[in-house]
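Q: Dropping the sequence and predicted coords here.
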Amino acid sequence: MKLRKFLTVKILLAPELRITAMPMVSLLIVILASAGALSAQPAADPPHPDQQTIQTLMERIDRLEARVAQLEGAKRPATTETTAQAPSPPEPMPATVEPERMDLSKTLLHIRGFGDVTYHGDNRKGDTTSFSLGQLNLFVTSDVSEKFRFLSEIVFEAGPDNAVGVDVERLLLQYSPNDYFNLSAGRYHTAIGYYNTAYHHSTWLQTATGRPLLFEFEDKGGILPIHNVGVSATGLIPSGSLGLHYVAEVGNGRASSSARAEAVQNLVDENNLKAFNLALFVRPEKIRGLQVGFSGYRDVLTPLNQSRIGETILDAYGVIVRPNFEWLNEALVIRHAPEGLSRVFQTPGFYSQVSKRFGSYRPYFRYQYVNAPDHEPIFGPVYNAPVGLRHGPSAGLRYDASESVAVKLQYDYTLLRNQQAISGLALQLGFTF
Amino acid sequence: MHRRARVLFLFVAAVSLFEVLPSLAQGQTASEEGLAIIVNQSNPVENLSSAELRKVFLGEKSHWTNGRRITLVMMDPGPERKTMLRDIYHMNENDLSNHFIHGLFTGEVFVSPKTLATPVEVRKFVFNVPGAIGYVRAADADSSVKVVRIDGRLPDDKEYKLRVQRSGK
């Protein structure tokens, strides 16, 4: 009886034998049966038989343990080897670390914020030096599933009347089955050239205090259809080390019926004509940071009391962007061709921006040029955008006070046709949180 | 004015060339222990070129050939992460952070990397997530995960590029 108890305790204490129930039960039956038989031995047995029996049984248990381990090892070879090398074999992870499954009990939202405050002034008549709240940008993404992702930019911004308004600047559901085809639907930044896709509503991400004149937002006198509502397909074109990519978009285009119309046609398109955009660019493996590309945008504008106007925007660029060095070069032409008129209004423009980082400091220089015809039929009357020649240099210094805060000082000198040149100075605090 | 602009353009072009040339002739750094790139055992990938590995870890490549979305696993700051930053990313910590913020912001990067503290956690994560890719010291890799060849070489090969200082253990 003592022996039976001893063996039972021994087996219960052996952790490795608790892993699988069936071999354990068989083993237990065998051992208990053996123990029962032993306890029924006649008294004629030699004295002190327990020690020898125990020894025999222990050897037998060892053999059986080895056999059980061997059989289990045959079933799970990977985990056996792991056990041999590391004390803790891989265990199934809790659901929270499985990024590809939707856990309904938790929010899937990731939020990052951007903001800026600027003190600026210039010599233009009527302008005052001011502290200005920039855009408070909440960038919200959600990893909906393995192939779907949600992305949005919700921007709080003060207008010229100092009242703060809210805009959904981007709202996209992205479907990404592979590297060659990604489909997005919603409101996006039109893939015209480089700057409009590389930089959105955050000054902190940009080197300079603001966007180039060519890529100003619609509500700040911009002349391009910066935003669009529609669908966009992007992806990689098999091209080896060349790294050829495409972007194809179709959307409502920019409103053109009147100066009062909201520029971005979020809900209703004013006509049945859609805007198309196609962009191609390469990122060669050999030259890190280099991107060269072009894009073509086509829409038909329908201003009230005017004939239709065909709009074509062609853009070409070459940029090198590295952590320590940046050189952006981009040129485009906007072509407006009113139906029934032989005259075509062409607005060329370009910018070149270079910067180099020295520790936390990054001096930069930008030269930009836009030349819109004085009688441009859309920019002035419909977009409330300035026309004529505007060009000049900007020079500045960016200081990254921390990994999330940047201070920028920038001087702008803008020459205007038949007007006094504008000198402006801006000090900006940009941050992410 | 045109002459000045031309001179300025040529100057910037020359500076750019100095920036670009070093990347065309990268040197090899010598260290003591291989850093293994590991993927899930179900992943069909066996070999990656250095350029492909960089694209994967930058988030520029988002799917494996079997259609699984790539999930990046990084380790907390330490020698292993230092090797990745130096030899794969060519960036410092701040640049890496900015890269992913910018990538997520433009929509080009689908998901930012997951950061884990120990090689055991990295191994467990890769073991459990079919599209995961991470890195551990070669000695910390086991058969629960698959070690990927880089430019056709395994961490034990002499010509293997990813090296990390041997730990004192």
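A: Sure thing, it's come through. Numbering: from 1, shown residues only, chains lettered A, B, ... in the order given.
Q: ok, and the closest non-adjacent residue to B:Pro44?
A: The spatially closest residue to B:Pro44, leaving aside those adjacent along the chain, is B:Asn66, at 5.5 Å (CB to CB, 6 or more residues apart in numbering or on different chains). For glycine as for every other residue, the C-beta is placed from the backbone atoms N, C-alpha and C.
Q: typed the wrong thing, it's A:Gln410
A: A:Gly396 is the one closest to A:Gln410 (CB to CB, 6+ apart), at 3.4 Å.
Q: Surely the one you found touches A:Ala208?
A: Yes - counting by CB atoms under 8 Å, A:Gly396 touches A:Ala208, with 6.0 Å between them.
Q: any idea how far chain A is from B:Gly80?
A: That one is not Gly; residue B:80 is Glu. 17 Å (CB to the nearest CB, to the nearest Å).
Q: For that residue, give me the backbone phi and psi.
A: Main-chain torsions, B:Glu80, degrees, to the nearest 10: phi -60, psi -50.
Q: I figured it hits B:Tyr135, correct?
A: Yes - B:Glu80 lies in contact with B:Tyr135 (CB under 8 Å); the separation is 6.0 Å.
Q: Can you verify the residue nearest to A:Gln410 is assigned to a helix?
A: No - A:Gly396 is assigned strand when assessed by DSSP: H, G, I helix; E, B strand; the rest coil, not a helix.
Q: And the strands in the stretch 151-300 of chain A?
A: A:164-175, A:182-189, A:227-237, A:244-251, A:275-282, A:290-301 (DSSP state E, counting those that start in this stretch).
Q: How about chain B?
A: Under the criterion DSSP state E, strands of chain B are mapped to B:33-39, B:47-48, B:71-75, B:114-116, B:132-137, B:146-150, B:163-164.
Q: can I get the CA coordinates of the first one in PDB?
A: What follows is strand B:33-39 as a C-alpha-only set of coordinates in PDB (Å, rounded to 0.1, in the frame of the first residue of the first chain):
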ATOM      1  CA  GLU B  33      27.200  37.500 -34.700                       C
ATOM      2  CA  GLY B  34      24.600  37.200 -37.400                       C
ATOM      3  CA  LEU B  35      21.200  38.900 -37.100                       C
ATOM      4  CA  ALA B  36      18.600  36.400 -38.400                       C
ATOM      5  CA  ILE B  37      15.600  37.700 -40.300                       C
ATOM      6  CA  ILE B  38      12.700  35.400 -39.300                       C
ATOM      7  CA  VAL B  39       9.300  34.800 -40.800                       C
END
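Q: Which other helices and strands does it contact?
A: Counting contacts by 3 or more CB pairs under 8 Å, 6 or more residues apart in numbering or on different chains; DSSP states H and E, strand B:33-39 packs against helix B:79-84, helix B:119-128, strand B:132-137, strand B:146-150, strand B:163-164.
Q: Point out the most buried one among these.
A: Of all the helices and strands packed on strand B:33-39, strand B:132-137 has the most neighbours on average by mean count of other CB atoms under 10 Å in any protein chain shown, namely a mean of 25.
Q: what's stretch A:280-290 in contact with?
A: Contact with stretch A:280-290 is made by A:194, A:239, A:241-247, A:291-295, A:318-322, A:325, B:20, B:23-24, B:51, B:60, B:90, as judged by CB atoms under 8 Å, 6 or more residues apart in numbering or on different chains.
Q: From the residues you listed, keep the buried residues only.
A: Among these, those buried by neighbour count (16 or more other CB atoms under 10 Å in any protein chain shown) are A:194, A:243, A:245-247, A:291-295, A:318-322, A:325, B:20, B:60, B:90.
Q: what's the pLDDT at the nearest residue to B:Glu33 once chain neighbours are set aside?
A: Nearest non-adjacent residue to B:Glu33, counting by CB to CB, 6+ apart: B:Arg166, 4.5 Å away. If you check B:Arg166, the pLDDT there is 76.
Q: Verify the stated contact: B:Arg166 with B:Leu35.
A: No - under the criterion of CB under 8 Å, B:Arg166 makes no contact with B:Leu35, lying 11.1 Å away.
Q: between those two, which one's more packed in?
A: B:Leu35 (27 against 12; other CB atoms under 10 Å in any protein chain shown).
Q: Wait, the more buried one touches B:Arg163, no?
A: Yes - look at B:Leu35 against B:Arg163 with CB under 8 Å: they come within range, at 6.6 Å.
Q: Check B:Pro119 and give its pLDDT.
A: pLDDT at B:Pro119 comes out at 92.
Q: residue contacts, it?
A: Neighbouring residues of B:Pro119 by CB under 8 Å, 6+ apart: B:75, B:80, B:136-137, B:140.
Q: so which of those would you say is closest to A:Ala185?
A: Distances from A:Ala185 to the contacts of B:Pro119, taken as CB to CB, are shortest for B:Met75 (36.8 Å).
Q: So which of the contacts of B:Pro119 is the closest to chain A?
A: Nearest to chain A among the contacts of B:Pro119: B:Asp140, at 8.2 Å, using CB to the nearest CB.
Q: Surely that closest one and B:Glu121 touch.
A: No - when contacts are counted by CB under 8 Å, B:Asp140 is not listed as touching B:Glu121 (10.8 Å).
Q: Would you confirm that A:Ala385 contacts A:Leu224?
A: No - here A:Ala385 lies out of contact with A:Leu224, judged by CB under 8 Å, at a distance of 9.6 Å.
Q: Tell me which of those two has more neighbours.
A: The residue with more neighbours, out of A:Ala385 and A:Leu224, is A:Leu224; 25 against 21, by other CB under 10 Å.
Q: what's that one sitting at in phi/psi?
A: The phi and psi values for A:Leu224, taken as degrees, to the nearest 10, are phi -110, psi 160.
Q: Next one: it from A:Arg211, what distance?
A: Using CB to CB, to the nearest Å, one gets 10 Å for the distance from A:Leu224 to A:Arg211.
Q: residues contacting B:Gly85?
A: No, residue B:85 isn't Gly; it's Leu. Shown in contact with B:Leu85 (CB under 8 Å, 6+ apart): B:91-93, B:96.
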